[in-house]
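Chemist: Provide a 3D model corresponding to the input given below.
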Amino acid sequence: MLVIRDAGSNDAQAIHDLIYELAVYEKAPEQMVNPVDDIVRDGFGTSPAFICFIAEWEGRVAGMSLCYLRYSTWKGRVLYLEDLIVTEAYRGRGIGKALFQYTLDYARNNHYKRVSWQVLDWNQPAIDFYKSFGAAFSEEWLNAWVELQEI
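Modeler: Down below sits the predicted model:
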């Protein structure tokens, strides 16, 4: 049976493991350098940087949806879906669909104007999954960032 719930600090190791599994899938495990202690501090401390929903299948962590608030000058509050992950052993059971729907419902219930995310252009299963929800994809905007090194 599937249960979706808010994550707690006791889920930090499972969150870390899911993120690492995604990094391996995306062919970049060496780039995943976020330790469990930082996940606890950043998600469950006095000023959380993210919210996370955990999917459990028969009492075992099977996936997660990790999001945070963004603000669009044109739209207002936007929920940014950083990662939607279902561990490989639990795929094909509708867990991803339920997690994504739960995330969309959370956004609607909390007055967000939009949910946005990124997907790799080669990840056709994910693209098809999001299209099944009516997602729009931009071909105009490019991703950009600056890596900041610790001093």
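
Chemist: alpha carbons only for contacts and neighbour counts from here, please
Modeler: Noted.

Chemist: Mind listing the residues bridging to the nearest residue to Trp117 once chain neighbours are set aside?
Modeler: Take Trp117 and drop its neighbours on the chain: the residue closest to it by C-alpha to C-alpha, 6 or more residues apart in numbering is Leu81, 5.0 Å away. Beta bridges link Leu81 to Cys67, judged by DSSP bridges.

Chemist: now do the one 4 residues further on
Modeler: Beta-bridge pairing for Ile85 (DSSP bridges): Met64.

Chemist: Can you give me the neighbour number for it?
Modeler: By the measure other C-alpha atoms under 10 Å, the count of residues near Ile85 is 23.

Chemist: picking up where we left off before, would you mind measuring from the residue nearest to Trp117 to Thr103?
Modeler: 8 Å (C-alpha to C-alpha, to the nearest Å).

Chemist: Likewise for Leu69?
Modeler: In this view, Leu69 and Thr103 are 13 Å apart by C-alpha to C-alpha.

Chemist: Same question for Tyr20.
Modeler: Separation of Tyr20 from Thr103 (C-alpha to C-alpha) stands at 21 Å.

Chemist: Geometric centre of the protein: which residue is closest?
Modeler: Nearest to the geometric centre of the chain sits Asp83, at 2.3 Å (C-alpha atoms, centre = their mean).

Chemist: who's in contact with the residue nearest to Trp117?
Modeler: By C-alpha atoms under 8 Å, 6 or more residues apart in numbering, the contact set of Leu81 is Ser65, Leu66, Cys67, Tyr68, Val115, Ser116, Trp117.

Chemist: Kindly report the same for Glu58.
Modeler: Listed by C-alpha under 8 Å, 6+ apart, the contact set of Glu58 reads Met1, Leu2.

Chemist: likewise Pro29?
Modeler: By C-alpha under 8 Å, 6+ apart, Pro29 lies in contact with Tyr20, Ala23.

Chemist: Can you give me the pLDDT of it?
Modeler: Pro29 carries a pLDDT score of 97 in this model.

Chemist: and what of Val119?
Modeler: pLDDT, Val119: 92.

Chemist: Leu69 and Thr103 - which one has more neighbours?
Modeler: Using other C-alpha under 10 Å as the criterion, Leu69 and Thr103 rank with Thr103 on top: 21 against 16.
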